[in-house]
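Peer 1: Structure for the following, please:
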Amino acid sequence: MDTTTLLLISAVLIGALIVGFLFLMPKQEVAKPLDTSSALKTMEEIDKTISTATSGSTGSTAPTQPAQPTQQQPSQTPQNPQNQAQQPQQSTTSPQPPLQLSNAYLQAFGEGYGKTELEAEEIAKNNGLKNLTEQLYVQVTASTELKEKLTTTIQDGKVKERFESQYEKTIQTKTDFELTGVTYRLTERKKTGNQYYAQVQVYIEAEKAKQLLEAYFAINLGKALVDNKMIFTAKSIVDKYESLLATNQFPPRIAEELTNIVSQIKGRYDRVQGLIKNINSSEIKDMQSALHVADLVNQLFAMINDLPNGTVDIERLRTYLKDVKILISGPKDVLLGEQVKLDVRVEPSNVKSLVVFGEQVETQDLITLQGGNALLSAVVKSPTSKLSVSLAGIVNMVWAPGSVTQNPDILRTTYRDENEIKILAGGTAKIVSDQKIMRENALKDALVKTIKKAASELLAGTDRELLDIPIDDYILSKVVGGIDYEISATGEYGGLYYVLVSSKISKKDFETYIKDALKNAPAGFAIVITEGDKLGYIEPALIDNLISSGIKLVSKDFSKKILEAQVKSNLPPTVLAKMTALSAARYLLYVTVNNSSTYLSDYKVYSVRTLITTQIIDTITGNIIGAPRFEEVNTGATEQAAISKTTSGQKFKDYVNTLVSSLKFENLPTSAVYKYTFILERAVYGSILIDYLNAKFGNVKIVEKTETKIIVEMENVSPADLEKYFSNIDTLKIKKLSEYNYQVTK
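Peer 2: Predicted coordinates for the structure are as follows:
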């Protein structure tokens, strides 16, 4: 067979193989646009929307190159190893061109710079993973319809805003969510100047990512539903997604989190089912047994908002309860946000309980009667607020205020016990065209008032609002996460846009959030409040020395406002310290200055005696951890000249070092600077001494050097440490002349 014939046969065979391979290749799926036009009113539609949000927009994650099937070598085939997301690639990895991935994969790129190739690659991988995760979240959050329509699943108007905020919190936990099954591919690495640059391609199976994200969101959504007594709806979510939780390999922390939520939902559902079984199995033969079953029905209605029709038969109670009478009375004219007291009376007096239903009111779910009487508390949150009390849904009575007056400046504690408080606060903002910004500004105003009120009661133990105390945005952002709040009402009043915010705050959680915020605040934050510095020399000198020691101070403007608030409220410094925590100050330095001057006519100079007392107060506990005193007398041609000598002297710097050493910042290694003077018998002894000090302590700063004297500054080397070291030196004799002054001889 000649060469030409062989070539023709080979070409035919190769062509057949290529055609067969093309037939076997999976067809590229066309991405479908997200459809959220229909209202979500059933769990089936909720599931459909979540699924669409995570899968329908997969096309947007395709690479910038045309997405098309590619013939991939085994080493390039997308893998699904769990450990690749955790284990760094070796520095020997060679750069490869980016894969052209089909719509079956989601991808992102990450870049990084580092001192070494491995460091740059690790940073690029982390950035790529972050971009990939955020890309998934964008797909969900891009549909505002999804978020808004999910709130319609809550039928009771009072929980609508709360449910929306809970869902927003779920979406905004992207920094806590972790992906597994991620593959990394180093696509570029080079050296730029003194650094290395790396680019990494990060990709994951789209279906895998969709399932992980869908299960995570759905189960967190179930938790929000349970919190709002939508037990059956939450259980239907568990039934649908628990299998995903079991089959998908979530990271341990997230798996534990979701498992706990599922367990809580099942536990609540089982308790409801037990109560339903008890109600349906109870025999009703007279009014007494009917009242017993009615009490069980009240408990059930107080536990759940989405009880399916026909679950319990309450009609069999009607014959026995037809003669029960309920009377409810309360004020006619109320303020928006006012907490009202309602008197409830029931005949006969052996009725045990009533279930409470509220529309645009905050109230309890169940009231227990004593002798047929009870006192019911409710917060009016809308001009259309009304409240119903019911015996098993058979006998009902409604109360509604006659008129509701709006007061957007309201700030009131509506409930308190030893563990938590509830606060109602109004916030206002200028009316602008941007509705979102206007709402956010009004909400922030209300939350700032809420936090100040909570701090007054929980931290300082006073019911005064102390609204003049400033609050730092850093503290605001940290503490808001610990407040369970809902927007009760919105509107326009007096030319302003207002929101009414109802908040429930746990004392333990509030203190924990404040404490954690302060411990992780920008390094070394403290605040200085000075009284009695009439000549204005002590406070600037004190602040300059603190800053030079590495202490960062809260602004003078905050200090001034807090001092003004203290003057108005006459709070003791220990209570004031807890309030200053809102300004992000870890410590309060409460400085009291006393100056007395005498003119010495014989010498034509002023003698000025300066006495300083500084209370160092922990803003977390309010405890005084020290109160060091400073006293010195100096003379000068003027009083200012005399005080200037005092503040520029070593004794004043030592006093500041004493303050600094008392500040125990968790995130700042504080330093104290000591100045020492050495009188030299010979100039060469100074050079020998410096060599000794550098060898032992290092970073010795020479302030002044002559043939007979040398002055040095040293950080964190106290006189006791220095003298202990001198006792071990034989080459030189170092004798202490006075505090911080030494003589050096052979």
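Peer 1: Over to residue 705: give its phi and psi.
Peer 2: phi -150, psi 120 (degrees, to the nearest 10).
Peer 1: Identify the bridge partners of it.
Peer 2: residue 710 (DSSP bridges).
Peer 1: what's around it, how many residues?
Peer 2: 15 (other Cβ atoms under 10 Å). From N, CA and C alone the C-beta is placed, and that goes for glycine too.
Peer 1: pLDDT value on it, please?
Peer 2: Listed pLDDT for residue 705 reads 88.
Peer 1: and if you look at residue 93?
Peer 2: 68.
Peer 1: Can you find the helix or strand in the chain with the smallest mean pLDDT?
Peer 2: Scoring the helices and strands of the chain by mean pLDDT, DSSP states H and E places helix 144-150 at the bottom, with a mean of 34.
Peer 1: ok, the residue lying closest to residue 382 once chain neighbours are set aside to residue 381 distance?
Peer 2: In space, residue 382 comes closest to residue 360 once its chain neighbours are excluded; the distance is 3.5 Å by Cβ to Cβ, 6 or more residues apart in numbering. Using Cβ to Cβ, to the nearest Å, residue 360 is found at 5 Å from residue 381.
Peer 1: now residue 392
Peer 2: Counting by Cβ to Cβ - residue 392 and residue 381 are separated by 26 Å.
Peer 1: Same check on residue 269?
Peer 2: 30 Å.
Peer 1: same check, this time on residue 614
Peer 2: Distance from residue 614 to residue 381, by Cβ to Cβ: 48 Å.
Peer 1: where does the nearest residue to residue 229 once chain neighbours are set aside fall, helix, sheet strand or coil?
Peer 2: Leaving out its chain neighbours, the residue that sits closest to residue 229 by Cβ to Cβ, 6+ apart is residue 305, at 4.3 Å. With DSSP: H, G, I helix; E, B strand; the rest coil as the basis, residue 305 sits in coil.
Peer 1: Please tell me how far residue 305 sits from residue 233.
Peer 2: On the measure of Cβ to Cβ, residue 305 and residue 233 end up 9 Å apart.
Peer 1: And residue 117, by the same measure?
Peer 2: 52 Å.
Peer 1: Looking at these two, which is more packed in?
Peer 2: residue 233 (21 against 18).
Peer 1: I'd like the next helix or strand past the helix or strand hosting the more buried one.
Peer 2: Using DSSP states H and E, residue 233 sits in helix 231-247. Next along the chain after helix 231-247, taking DSSP H and E as the criterion, comes helix 252-281.
Peer 1: That next one vs helix 231-247, what angle?
Peer 2: 140 degrees (axes from the mean of the first three to the mean of the last three Cα atoms, to 10 degrees).
Peer 1: Neighbour count: residue 360 and residue 381, which is higher?
Peer 2: Applying other Cβ under 10 Å to residue 360 and residue 381 shows that residue 381 carries more neighbours, namely 25 against 19.
Peer 1: Now that one. Nearest residue, chain neighbours left out?
Peer 2: Per Cβ to Cβ, 6+ apart, closest to residue 381 is residue 488, 3.7 Å.
Peer 1: What number of residues are in the vicinity of that neighbour?
Peer 2: Neighbours around residue 488, by other Cβ under 10 Å: 27.
Peer 1: And what about it, helix, strand or coil?
Peer 2: strand.
Peer 1: got the CA positions of the host helix or strand of residue 743 in PDB?
Peer 2: Using DSSP H and E, residue 743 maps to strand 741-745. Extracted in PDB, the C-alpha atoms of strand 741-745 (Å, rounded to 0.1, in the frame of the first residue of the first chain):
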ATOM      1  CA  ASN A 741      21.000  61.300  86.800                       C
ATOM      2  CA  TYR A 742      24.200  59.300  87.000                       C
ATOM      3  CA  GLN A 743      28.000  59.800  87.200                       C
ATOM      4  CA  VAL A 744      30.300  57.600  85.100                       C
ATOM      5  CA  THR A 745      33.900  56.900  86.100                       C
END
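Peer 1: Distance check, residue 690 against residue 683.
Peer 2: Distance from residue 690 to residue 683, by Cβ to Cβ: 12 Å.
Peer 1: For these two, work out which one has more neighbours and name it.
Peer 2: Of the pair residue 690 and residue 683, residue 690 is the one with more neighbours under other Cβ under 10 Å, namely 16 against 13.
Peer 1: nearest spatial neighbour of the more buried one, skipping sequence neighbours?
Peer 2: Residue 690 sits nearest to residue 700 (Cβ to Cβ, 6+ apart), 6.3 Å away.
Peer 1: Could you pull up the mean pLDDT of the helix or strand harbouring residue 595?
Peer 2: Using DSSP H and E, residue 595 falls within strand 587-600. With pLDDT averaged residue by residue, strand 587-600 scores 92.
Peer 1: which parts of the next helix or strand after that strand are buried?
Peer 2: On the C-terminal side of strand 587-600, the nearest following helix or strand under DSSP H and E is strand 605-618. Residues of strand 605-618 classed as buried by neighbour count (16 or more other Cβ atoms under 10 Å): 605, 606, 607, 608, 610, 612, 614, 615, 616, 617, 618.
Peer 1: Can you give the contact residues for the next helix or strand after strand 605-618?
Peer 2: The first helix or strand that comes after strand 605-618 along the chain, using DSSP H and E, is strand 624-626. Outside strand 624-626, the residues within contact range by Cβ atoms under 8 Å, 6 or more residues apart in numbering are 573, 574, 614, 615, 616, 617, 618, 659, 662.
Peer 1: what's the closest of these to residue 109?
Peer 2: residue 618 (47.4 Å; Cβ to Cβ).
Peer 1: looking at it, the closest one is touching residue 585, isn't it?
Peer 2: No - counting by Cβ atoms under 8 Å, residue 618 stays clear of residue 585, with 10.3 Å between them.
Peer 1: that older thread, so what's the residue nearest to residue 690 up against?
Peer 2: 690, 693, 694, 712, 713, 714.
Peer 1: Would you map the strands across the stretch 451-600 of the chain?
Peer 2: 483-493, 496-506, 525-531, 552-553, 587-600 (DSSP state E, counting those that start in this stretch).
Peer 1: In CSV, list those along with distance to residue 733.
Peer 2: Below are the strands of the stretch 451-600 of the chain laid out as CSV (distance: least, Cβ to Cβ, whole Å):
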stretch, distance to residue 733
strand 483-493, 66
strand 496-506, 65
strand 525-531, 42
strand 552-553, 43
strand 587-600, 41
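Peer 1: which one of those lies closest to residue 629?
Peer 2: Using Cβ to Cβ, the nearest of those to residue 629 is strand 587-600, at 9.8 Å.
Peer 1: And that closest one, what does it pack against?
Peer 2: Strand 587-600 sits against strand 525-531, helix 538-548, helix 573-580, strand 605-618, helix 639-648, with contacts defined as 3 or more Cβ pairs under 8 Å, 6 or more residues apart in numbering; DSSP states H and E.
Peer 1: neighbouring contacts of the host helix or strand of residue 722?
Peer 2: Assigned by DSSP H and E, residue 722 belongs to helix 719-726. Residues outside helix 719-726 that contact it (Cβ under 8 Å, 6+ apart): 674, 676, 696, 714, 734, 736, 739, 740, 742.
Peer 1: Narrow those residues to those that are buried.
Peer 2: 674, 676, 714, 734, 740, 742.
Peer 1: Quick check: buried residues in the helix holding residue 722?
Peer 2: For helix 719-726, by 16+ other Cβ under 10 Å, it's 722, 726.
Peer 1: from the middle of its chain, how far away would that helix be?
Peer 2: Relative to the chain's own centre, helix 719-726 is displaced by 46 Å; criterion: Cα atoms, centre = their mean, to the nearest Å.
Peer 1: pull the CA atoms of that helix into CSV?
Peer 2: Presented in CSV, the C-alpha positions along helix 719-726 are these (Å, rounded to 0.1, in the frame of the first residue of the first chain):
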residue,chain,number,x,y,z
PRO,A,719,15.3,53.2,86.3
ALA,A,720,15.0,49.9,88.2
ASP,A,721,15.9,47.9,85.0
LEU,A,722,18.7,50.2,84.1
GLU,A,723,20.3,50.1,87.6
LYS,A,724,20.0,46.4,87.7
TYR,A,725,22.0,46.2,84.5
PHE,A,726,24.6,48.7,85.8
